[in-house]
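K.L.:
Predicted model, plus sequence, below.
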Amino acid sequence: MSEEQRRLAAIVFTDLVGYTALSQRDETRALQLLKEHDEIVRSNLAKHRGREVKTIGDSFLLEFESALDATLCAIQIQQELHAYNLTVEEVDRINVRIGIHEGDIVHRGTDVFGDAVNIASRVESFADSGGICITEPVFLQVRNKIPHSTVKLSGQNLKNVELPMNLYRIVLSRQDRQKNQGQVQGLKTRIAVLPFENISPDPNDNYFADGLTEELITVLSQIKGLRVIAKTSTNRFKGTDTGVFQIGSELRVGSVIEGSVRKSANKIRVTIQLIDVVSEEHVWVNQYDRALGDIFLIQSDIAKNVADGLRVTLAPSEERRVERMETQNAKAHVAYLKGRTLLRDRTEKAIRGAQEQFELAIEQDPDYARAYAGIADVWALLGEYRFAPLSECREKTKVFLRRALDLDPDLPEASASLAASYMDDYRFAEAAEEYKHAITLNPSNATAHLWYSDCLRDQGKFEEARFEILLAEELDPLSPVISYVASDMYLSQGNDQEVLKRVQRIREIDPESPFAIRALADYYLVKSDYAQALNCYRKLKQLSPSDRGENIDSYLGYIYAVTHKREEAMEILNKLQSSLSNDFSISPMDIAWVYVGLGDLDGCFKWLEKALDERAQNIFGFIRYFPLASLEKIRTDPRFDDLLRKANLPLEPKTHGLSG
């Protein structure tokens, strides 16, 4: 081996619990137990291709080429120690904590150094006596490959480690499992509907299984006695064999619904089961063999049986809602399900494809309210992502929303979209009332809580806004978008720990997600670490060259301006101004933002006025809450009060941030 080598490895730290105290009481017995402990650890190293780096008192530092080998070795060590402890008196039992991390290490002679070593040593302290704690990189390598379930711990701050780190505890025994049951006890009425499995002869019928999952979530969400996790979060478990108990622990639910769908011509078979997370026993199981047109009857029956199984009493209004027949035309409903599936992909092609399906649904049934709500969402997204002129999109959104609500005044998704359209018109008070109505109709609608949070923040109601975003997180805990918005909320509060915790959460949900980069970019911007912020925005630009919906160039221009690179800032400013008339993706707010960086208040207010005229989204909430000194100059300028009046917003509070 050369003098110094760098490579990826799994590092294991073990610690003998209570050894120091035992040594002080009875050194001879302590040494005997240490010898037993050392023999058990070393006997398992060779079996799992591990290497003993060194001992540190009563602790081992071990190295493995594979995270799986390291984890299997740790499990075997704990099992042998458990067997040993059954044969001796309690005072002679050997209890060990083990921590495992995978990362880059440096070899110097026979020793190893680096962050991975430091992290593994910190992780060990989070393991229970007789337990094993692993980090996220290890978990991703061993999930579904070890004969034990894992339980995710909350984001932890490790000493001398910058970001909070997601840790997992391996559940080794019945006693360990009982400890973790406390996490989900009392949560039976919090439900996760897992993505239905498509077992149709035609694999292209996946859309039907996806659509039925989403429909069932919508139906159950309208029952006030239940809290139903959004599909964004449950979709993470699609195609995996993750255990029910682990799913319950990650989503903090007490009940899980699993199902499968088989569609053949005009017949469907739906198999469904409601499972208690703690016992992993079935609460209710059923199979439906029906005609395709009976899908609403199936959904209604499932909802009633779930409520009955969880002892939730349906109010008469709730019973009417779950029994409601949206359409009696099977072709219309199938087209609607296809449209909703397509709409989850935010590309222009997918959005236009969804539009075609919703129009087909309306052609089949002109009174299908939800299909009109679907088209309204199409136009809202075309405007939000600047695939079409914003004013045209907003007008068409309103037309289709009005039609949907004329047909069904209590359609939850249309009510939430109507509230959003009120915000576009700066009718914030009406928007707030409509959001309340939408949430009353569907208390588990995470998106409605998210949008309502935006509405409250724009009005300067920061505490209420924070409450709503936390509700959204609770209902959709694995949504990168919601975690990003929450991170910005905490950024405005000055709570760095919560910001970084959400960055780590987004990375866990989707390591490639641009929302983690965006959250870090905002964080560095507030900290005036412009070099790091610039790197983040450049990464975002690479990930999304078309930059639809939000112009990254404006942030680059701002950073160039505040770092005295005026020539580069002016180049971006001129580009934005010259492209404004023919590029739907550019907003007057983008141009105003560069003027903020240049310190040109007159130029900034000129373009803020234009943004006001265009009904640009989220300009006042952003200026009010984002904690930048450059924005403080805008907030305290009398012209800002004039803009607030024109936008029907209260003048107070002028300062950014949240208390508490």
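P.N.:
Looks like it arrived, so ask away. Bear in mind that the values here come from a model prediction, so they are computed numbers and not experimental data.
K.L.:
Domain-wise, how is the protein divided?
P.N.:
4-179, 190-325 (automatic domain parsing).
K.L.:
possible to save those as TSV with distance to Leu534?
P.N.:
Bear in mind the C-beta positions are built from the backbone N, C-alpha and C, glycine included. Converted to TSV, the domains of the chain look like this (distance: least, Cβ to Cβ, whole Å):
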stretch	distance to Leu534
domain 4-179	19
domain 190-325	30
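K.L.:
Where do the strands of this protein begin and end?
P.N.:
4-16, 50-56, 59-64, 96-108, 111-113, 132-135, 150-152, 167-170, 190-193, 197-198, 227-228, 255-264, 267-276, 282-291 (DSSP state E).
K.L.:
Give me the contact list for the third one.
P.N.:
Identification of contacts with strand 59-64 by Cβ atoms under 8 Å, 6 or more residues apart in numbering yields 9-16, 41, 45, 48-55, 70, 73, 105, 112, 117, 121.
K.L.:
same thing with the last one?
P.N.:
Contacts made with strand 282-291 from outside it, assessed by Cβ under 8 Å, 6+ apart, are listed as 255, 266-276, 294, 297-298, 301-302, 305-306, 308-310, 330.
K.L.:
Can you select the buried ones from those in ChimeraX?
P.N.:
Restricted to buried positions by 16 or more other Cβ atoms under 10 Å, the ChimeraX selection for these reads:
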select :255,268,270,271,272,274,275,276,294,298,301,302,305,306,310,330
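K.L.:
Would you single out the least confident of the domains of the chain?
P.N.:
Mean pLDDT is lowest for domain 4-179 among the domains of the chain, at a mean of 82.
K.L.:
if I look at Phe387, how far off is Asn442?
P.N.:
Using Cβ to Cβ, to the nearest Å, Phe387 is found at 28 Å from Asn442.
K.L.:
err, Gln577, not the other one
P.N.:
Taken as Cβ to Cβ, the span from Gln577 to Asn442 is 43 Å.
K.L.:
Likewise for Pro389?
P.N.:
Counting by Cβ to Cβ, the separation of Pro389 from Asn442 is 31 Å.
K.L.:
Mind jotting down where the helices sit in the stretch 501-650 of the chain?
P.N.:
Residue ranges of the helices in the stretch 501-650 of the chain, as given by DSSP state H, counting those that start in this stretch, are 514-526, 530-543, 552-562, 566-579, 588-598, 601-613, 619-625, 629-635, 638-646.
K.L.:
If you average pLDDT over each of those, which is lowest?
P.N.:
Among the helices of the stretch 501-650 of the chain, helix 619-625 scores lowest, at a mean of 77.
K.L.:
between Phe387 and Asn442, who's got more neighbours?
P.N.:
Shown here are Phe387 and Asn442; by other Cβ atoms under 10 Å, Asn442 has more neighbours (26 against 20).
K.L.:
who are the neighbours in contact with Thr87?
P.N.:
No contacts exist for Thr87 under Cβ under 8 Å, 6+ apart.
K.L.:
gap between it and Leu16?
P.N.:
For Thr87, the distance to Leu16 - Cβ to Cβ - is 18 Å.
K.L.:
How about Asn445?
P.N.:
Applying Cβ to Cβ to Asn445 and Leu16 gives a distance of 51 Å.
K.L.:
Look at those two and report which has more neighbours.
P.N.:
Asn445 (27 against 22).
K.L.:
pLDDT at that one, what is it?
P.N.:
Predicted confidence (pLDDT) for Asn445: 91.
K.L.:
Next up, the contacts around it.
P.N.:
Counting by Cβ under 8 Å, 6+ apart, the residues that Asn445 touches are Ser221, Pro412, Glu413, Ala416, Ala438, Ile439, Leu475.
K.L.:
buried residues in stretch 605-613?
P.N.:
Neighbour-count burial for stretch 605-613 [16+ other Cβ under 10 Å]: Phe605, Trp607, Leu608, Glu609, Lys610, Ala611, Leu612.
K.L.:
now these as a markdown table including distance to Asn95?
P.N.:
A markdown table is the format used below for these (distance: Cβ to Cβ, whole Å):
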| residue | distance to Asn95 |
| --- | --- |
| Phe605 | 67 |
| Trp607 | 66 |
| Leu608 | 64 |
| Glu609 | 69 |
| Lys610 | 68 |
| Ala611 | 63 |
| Leu612 | 66 |
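K.L.:
and which of the residues you listed is nearest Ala209?
P.N.:
Distance to Ala209, by Cβ to Cβ, is smallest for Ala611 among the buried residues of stretch 605-613, at 43.0 Å.
K.L.:
Okay, the closest residue to Ala380 other than its chain neighbours and Ser23: tell me how far apart.
P.N.:
Closest residue to Ala380 apart from its sequence neighbours, by Cβ to Cβ, 6 or more residues apart in numbering: Thr397 at 4.7 Å. Distance, Thr397 to Ser23, using Cβ to Cβ: 73 Å.
K.L.:
again, but for Ala373
P.N.:
70 Å.
K.L.:
Among the two, which residue is more densely surrounded?
P.N.:
Higher neighbour count among Ala373 and Ser23: Ala373, with 27 against 17, using other Cβ under 10 Å.
K.L.:
can you pull the contacts of that one?
P.N.:
Phe400, Leu401, Ala404, Leu411, Glu413, Ala414, Ser417.
K.L.:
and if you look at Gly383?
P.N.:
For Gly383, the contact set (Cβ under 8 Å, 6+ apart) comprises Pro389, Leu390, Glu392, Cys393, Arg394, Thr397.
K.L.:
Looking at the buried residues of stretch 605-613, which is nearest Pro203?
P.N.:
Ala611 (46.8 Å).
K.L.:
can you pull the contacts of the closest one?
P.N.:
Applying Cβ under 8 Å, 6+ apart, the residues contacting Ala611 are Ser587, Pro588, Met589, Ala592, Ile619.
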